[in-house]
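Visitor: sharing a model that was predicted from the sequence below.
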Amino acid sequence: MRTRTKFVFLMHPYEFKRVKAATGRLTHLCLADSAIHMGVDFDQDETVQALINDPNNFPVMLYPTRGARDLSKGELQPADFDGKQLVVFLLDATWRLVRAMWRASPSLQRLPRIMFSNAAPSRYVIKKQPEAGCLSTLEATHELLIALERSGLDEYTLPNQLLGLFQRMQEFQLRCSAEADRQGLRRHVRGRQSEKPELAPRTASKRRRIFPVAPATLDQTALPSLVVDPASAA
């Protein structure tokens, strides 16, 4: 699918090497004008820096923080980048790893930030989302394209392509899981795991929430959606 926007997926090495259902890679295969760069510190990536510093580009970061422009509310318009190509950078990793990538790359922190709101709930059925509002990289790109089209910044010509692929990928994973259960392979693995010595009980979790606890009066549907591929959140 061709788009006016260039999508650049910044993939953590864990996603690149180990996670088989990485939706960032699936999204890249669907988008003609997209690229994947693997790493943690992208200040040292010459190709990424060339995209940021190209005077013909208007680079932005999809990162829902205070001060980010909400595309769903029309807070970014074509006049803002005056004929330059919109280049959207997306961090593709679990939320814990996204934080590390963000801290390691000051050049990404300096980019204008964009977000979208009122997105559909995650359709990820084979992995547990860490919080409501979190989306896989593929779903976030889908919602971003919807917001870009509504703002007149792009044309989303094949809206069912990404979600259709996402559904087929999950159906394939579920079939593989069912076949493994049928053959007793998963029981064998669980049996081996049960032989491991018991670990000491965990203390109370200190993990920060991705989204702060909202006041009772806040409309929960208005919370921003987050780019995160929760591969290890299950």
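Guide: Looks like it arrived, so ask away. Just so it is clear, the model here is predicted, and its values are computed rather than measured.
Visitor: low-confidence regions, this structure specifically.
Guide: Within the chain, the stretches with pLDDT under 70 are 16-21, 121-133, 185-234.
Visitor: now the strands for it?
Guide: Taking DSSP state E as the test, the strands found in the chain are 6-11, 34-38, 57-62, 69-70, 85-92, 113-115, 134-135, 226-227.
Visitor: turn the ones you listed into TSV, columns for distance to Asp154 and mean neighbour count.
Guide: C-beta: built from backbone N, CA, C; applies to glycine. Putting these into TSV (distance: least, C-beta to C-beta, whole Å; neighbours: other C-beta atoms under 10 Å) gives the following:
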stretch	distance to Asp154	mean neighbour count
strand 6-11	10	24
strand 34-38	13	17
strand 57-62	13	22
strand 69-70	15	17
strand 85-92	8	24
strand 113-115	12	22
strand 134-135	19	24
strand 226-227	17	24
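Visitor: would you turn these into a markdown table with distance to Asp45?
Guide: Below are the strands of the chain laid out as a markdown table (distance: least, C-beta to C-beta, whole Å):
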| stretch | distance to Asp45 |
| --- | --- |
| strand 6-11 | 8 |
| strand 34-38 | 6 |
| strand 57-62 | 13 |
| strand 69-70 | 25 |
| strand 85-92 | 11 |
| strand 113-115 | 19 |
| strand 134-135 | 25 |
| strand 226-227 | 19 |
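Visitor: ok, and the closest non-adjacent residue to Leu71?
Guide: Ala147 (3.7 Å; C-beta to C-beta, 6 or more residues apart in numbering).
Visitor: wouldn't that neighbour be in contact with Phe116 here?
Guide: Yes. Using C-beta atoms under 8 Å, Ala147 makes contact with Phe116 at a distance of 4.3 Å.
Visitor: shared neighbours, those two?
Guide: By C-beta atoms under 8 Å, 6 or more residues apart in numbering, Ala147 and Phe116 have these common neighbours: Leu71, Ser72.
Visitor: and the longest helix for this protein?
Guide: Using DSSP state H, we find that the single longest helix of the chain is helix 159-182.
Visitor: wait, which of the strands of the chain is closest to Tyr156?
Guide: Nearest to Tyr156, of all the strands of the chain, is strand 6-11, at 12.4 Å by C-beta to C-beta.
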